[in-house]
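**Student:** sequence first, predicted model second:
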Amino acid sequence: MNIDYLINITIPMLEGAKMTVLLFFIAIILSIPLGFVFTLMAISKNIVVASIAKGYIYVMRGTPLLLQLLFLAFGLPMIPVVGEYIVMDRFVAASLGFTLNYAAYFAEIFRGGLLAIAKGQYEAAQVLGFSKFQTTTKIILPQMFRIALPAVSNESITLIKDTALLYAVAVPELLHFAQTAVNRDFTIIPFFIAGLIFLIMTLVLTGFFKWLESKLKFE
């Protein structure tokens, strides 16, 4: 096993890692605000709105992400009559699947953050003359985000690892190139390199969230 071989198999995997990172950013940027919308719906006093949100969260958290990806990538086109009109690019289908799935998890995280805030905070804001909008944006949301940040951090790290599921819907990402090298060269070295790349990505992500937690702690 020489250096040239390691370089030759690592370069394609790094190209695949670009797809991994792209999916991560798309999913995290879209799922966090969508999750917060579902949180607001779930705690709504409107029974219909709350039931829709709770039902959505239950279904998305109660079924495997892999099943959801397979349904979006391969199942939707098989629906009678309308199937041919909702065929998506595999990467688009995967991005949609990850966004919808993780939005449900973030919704529960944010709901937990809101429930952790004492009711006295709302009453104190009302006494001080804050409007409902000011109370929400200046008092409630900052506290909710601080409370939810550790859970958001853990979920984000899980997301970066779950991107390996792109392999199941035929999107050429990091694991795809690792498996190709293993099958071609009959060696498990590519798996170790793929694992190392994932460890580096999670290390960077962990460091970012630790820095963010320390910043918010003193604000």
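**Tutor:** The structure has been received and is ready for your questions.
**Student:** which parts of this protein are strands?
**Tutor:** Counting by DSSP state E, one finds no strands in the chain.
**Student:** what about the helices in it?
**Tutor:** Here the chain has its helices, by DSSP state H, at 3-42, 47-62, 65-70, 90-115, 119-127, 132-134, 141-162, 174-185, 189-217.
**Student:** contacts for the shortest one?
**Tutor:** Just to be clear, that refers to helix 132-134. residue 125 (C-beta atoms under 8 Å, 6 or more residues apart in numbering). To be clear about C-beta, it is placed using only N, CA and C from the backbone, and glycine gets the same treatment.
**Student:** just stretch 199-207 next, same as before
**Tutor:** 17, 20-21, 153, 156-157, 160-161.
**Student:** show me where pLDDT drops low in this protein?
**Tutor:** Counting by pLDDT under 70, the chain has low-confidence residues at 1, 218-219.
**Student:** which residue of it lies farthest from its centroid?
**Tutor:** The outermost residue of the chain relative to its centre, with distances by C-alpha atoms, centre = their mean, is residue 127 at 38.4 Å.
**Student:** could you measure from that residue over to residue 121?
**Tutor:** Distance, residue 127 to residue 121, using C-beta to C-beta, to the nearest Å: 11 Å.
**Student:** and what of residue 33?
**Tutor:** Distance check for residue 33 against residue 121: by C-beta to C-beta, it reads 23 Å.
**Student:** then residue 178?
**Tutor:** The value you get for residue 178 to residue 121, if C-beta to C-beta is used, is 49 Å.
**Student:** ok, these two, which is more surrounded?
**Tutor:** residue 178 (26 against 13; other C-beta atoms under 10 Å).
**Student:** quick one, what contacts the more buried one?
**Tutor:** Residue 178 neighbours (C-beta under 8 Å, 6+ apart): 13, 16, 190-191, 193-194.
**Student:** now the two most distant members of these.
**Tutor:** 16 and 191 (13.3 Å; C-beta to C-beta).
**Student:** among the helices of the chain, which is the most enclosed?
**Tutor:** Across the helices of the chain, averaging neighbours per residue (mean count of other C-beta atoms under 10 Å) puts helix 90-115 on top, at a mean of 21.
**Student:** what is that one packed up against?
**Tutor:** The elements that helix 90-115 packs onto, with contact taken as 3 or more C-beta pairs under 8 Å, 6 or more residues apart in numbering; DSSP states H and E, are helix 3-42, helix 47-62, helix 65-70, helix 141-162.
**Student:** format those as JSON lines; extra columns: distance to residue 204.
**Tutor:** As requested, the helices and strands packed on helix 90-115 are exported to JSON lines (distance: least, C-beta to C-beta, whole Å):
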{"stretch": "helix 3-42", "distance to residue 204": "10"}
{"stretch": "helix 47-62", "distance to residue 204": "27"}
{"stretch": "helix 65-70", "distance to residue 204": "23"}
{"stretch": "helix 141-162", "distance to residue 204": "9"}
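**Student:** among the ones you listed, which is nearest residue 108?
**Tutor:** helix 47-62 (6.3 Å).
**Student:** residues contacting residue 149?
**Tutor:** Counted by C-beta under 8 Å, 6+ apart, residue 149 has contacts 209, 212-213, 216.
**Student:** meant to ask about residue 165
**Tutor:** 65-66, 69, 94.
**Student:** how about 6 Å then?
**Tutor:** 66, 69 (C-beta atoms under 6 Å, 6 or more residues apart in numbering).
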